[in-house]
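Colleague: quick one, fold the following:
(one chain, ligands or ions: 1)
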Amino acid sequence: MRNNQAAKRQETTRRILVIAIFALLLAIIFISIKMIASKSCSNPGQSGMLPTNTPAVSPTPAPTETAAPETDRPSETVLPTVNPETPTPAPVVTPVPTPEQNQYGIPRLMVEGSMNDVLARLEQFKTLPASETLILLDVGHGGFDPGTAGLDTGVTEADINLQISRRLAEDLAAKGYFVFMTRMGEYACADTKKNDMNLRTRIMRLDIFDVSVSIHQNSLGKDDRSAHGVRLYHYKPASAGAKYAKDEKLAKSILEAICAATDENRSHTDTGNLMVCREPHAPAALVECGFLSNSEDEKKLSNPAYQEVFAQAVANGIENFLNGAN
Ligand SMILES: [Zn+2]
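Modeller: Numbering: from 1, shown residues only. Next comes the predicted model:
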């Protein structure tokens with residue numbers, strides 16, 4: 001019996017020991033797993049225990065349109081936001097060549113700008129070589145000087161002059177000429193009419209231009225509303241020389257081109273001792289596009305489609321003159 005009791009005690013002690021060792025092993029394994037787990041979370045990508053080909057952080061799918069509802073993602077998952085202080089790299093801009101670009105860096109065409117722009121452009125034109133064809137486009141009136149006005153709609157001559165001149169400038173530049181406009185907006189060239197005329201005269205007397213064309217609209221007022229159609233003026237003094245023969249040629253060339261493109265049928269040019277015809281150093285002509293005192297002309301001259309046809313015709317007339325076709 002004593003031996004039996006002793007064997008039982010021994011067996012019980014052995015069992016307790018085995019259980020204790022087993023429990024200790026379990027505790028060690030559990031602590032080890034916890035340590036590994038906490039290391040891989042707090043230090044992703046740097047834990048030497050992680051296999052190198054295992055992504056440290058599983059990528060979060062980017063939102064398609066708007067951020068997903070907050071309940072769908074754990075609160076600590078924050079989508080990367082753009083740091084406002086990080087400068088965005090400037091986009092690489094490749095300059096697109098425009099038709100008016102050339103080796104001088106002076107645009108053939110410029111139809112909008114202040115009077116300061118006009119004067120700056122004039123200085124640029126003085127640097128162009130004589131081999132280039134420079135056209136002086138004198139845009140009549142402007143600002144405090146509206147010129148005449150349409151009797152039906154009140155449209156001003158200054159506005160029509162600018163609209164037709166801009167189209168004409170585009171057509172001439174498309175032919176390869178450099179075009180200078182005496183004004184590129186709805187303003188006067190100077191503070192008084194006298195100063196305005198003086199400035200235009202000074203520009204016209206420069207020897208840099210190959211052709212000078214002034215754009216105006218006619219009017220005979222309420223007394224005669226029947227007069228209509230284009231008039232081409234040039235200067236022809238009694239002792240007319242080679243310069244004035246060129247003026248006449250230019251005027252005729254423009255008139256012919258207008259008659260070919262529109263229903264105009266005027267057969268002859270007109271002469272007059274007018275500043276815009278007399279003063280220019282280059283062959284010069286004045287285009288009185290039509291009569292704003294005539295209802296039909298007023299309607300036509302205010303119509304963009306007619307303005308374009310008319311401007312294209314004047315450009316063709318200038319081109320024909322320069323090419324010696326007339
Ligand atoms: Zn006028």
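
Colleague: return the residues of the stretch 151-300 of the chain in contact with the ion.
Modeller: His216 (C-beta under 5 Å from the ion). Yep, even glycine has a C-beta here, placed from its N, CA and C like the rest.

Colleague: just so I have it, where are all the strands in the stretch 201-326 of the chain?
Modeller: With DSSP state E, counting those that start in this stretch as the criterion, the stretch 201-326 of the chain has strands at 211-218, 231-234, 270-271, 284-291.

Colleague: can I get the ones you listed in JSON lines including distance to Thr153, mean pLDDT and mean neighbour count?
Modeller: Formatted as JSON lines, those follow (distance: least, C-beta to C-beta, whole Å; pLDDT from 0 to 100; neighbours: other C-beta atoms under 10 Å):
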{"stretch": "strand 211-218", "distance to Thr153": "13", "mean pLDDT": "98", "mean neighbour count": "25"}
{"stretch": "strand 231-234", "distance to Thr153": "21", "mean pLDDT": "98", "mean neighbour count": "23"}
{"stretch": "strand 270-271", "distance to Thr153": "27", "mean pLDDT": "97", "mean neighbour count": "17"}
{"stretch": "strand 284-291", "distance to Thr153": "14", "mean pLDDT": "98", "mean neighbour count": "26"}
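
Colleague: can you redo those strands as JSON lines with distance to Ala245?
Modeller: Supplementary listing: the strands of the stretch 201-326 of the chain in JSON lines, determined by distance: least, C-beta to C-beta, whole Å:
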{"stretch": "strand 211-218", "distance to Ala245": "15"}
{"stretch": "strand 231-234", "distance to Ala245": "10"}
{"stretch": "strand 270-271", "distance to Ala245": "12"}
{"stretch": "strand 284-291", "distance to Ala245": "12"}
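
Colleague: which helix or strand in this structure has the lowest average pLDDT?
Modeller: helix 2-42 (a mean of 61; mean pLDDT, DSSP states H and E).

Colleague: so after that one, what's the next helix or strand?
Modeller: Counting by DSSP states H and E, the next helix or strand C-terminal to helix 2-42 is helix 115-125.

Colleague: quick one: average pLDDT of stretch 306-321?
Modeller: Mean pLDDT, computed over stretch 306-321, is 98.

Colleague: what sits up against it?
Modeller: By C-beta atoms under 8 Å, 6 or more residues apart in numbering, the surrounding residues in contact with stretch 306-321 are 135, 160, 163-164, 167-168, 170-172, 175, 211, 213, 249-250, 253-258, 260-262, 283, 287, 289, 300-301, 326.

Colleague: next one: stretch 106-114 to chain centre, how far?
Modeller: Chain-centre distance of stretch 106-114: 12 Å, with C-alpha atoms, centre = their mean, to the nearest Å.

Colleague: so what's the residue count around the closest residue to Ile258 other than its chain neighbours?
Modeller: In space, and not counting its chain neighbours, Ile258 is closest to Ala313: 4.5 Å by C-beta to C-beta, 6 or more residues apart in numbering. Neighbourhood size, Ala313 [other C-beta atoms under 10 Å]: 23.

Colleague: ditto for Ala120
Modeller: 12.

Colleague: ditto for Glu308
Modeller: If you count neighbours by other C-beta under 10 Å, Glu308 ends up with 16.

Colleague: can you check Asn320 too?
Modeller: Asn320 is flanked by 18 other residues according to other C-beta under 10 Å.

Colleague: how much space separates it from Pro129?
Modeller: Applying C-beta to C-beta, to the nearest Å, the value for Asn320 to Pro129 is 24 Å.
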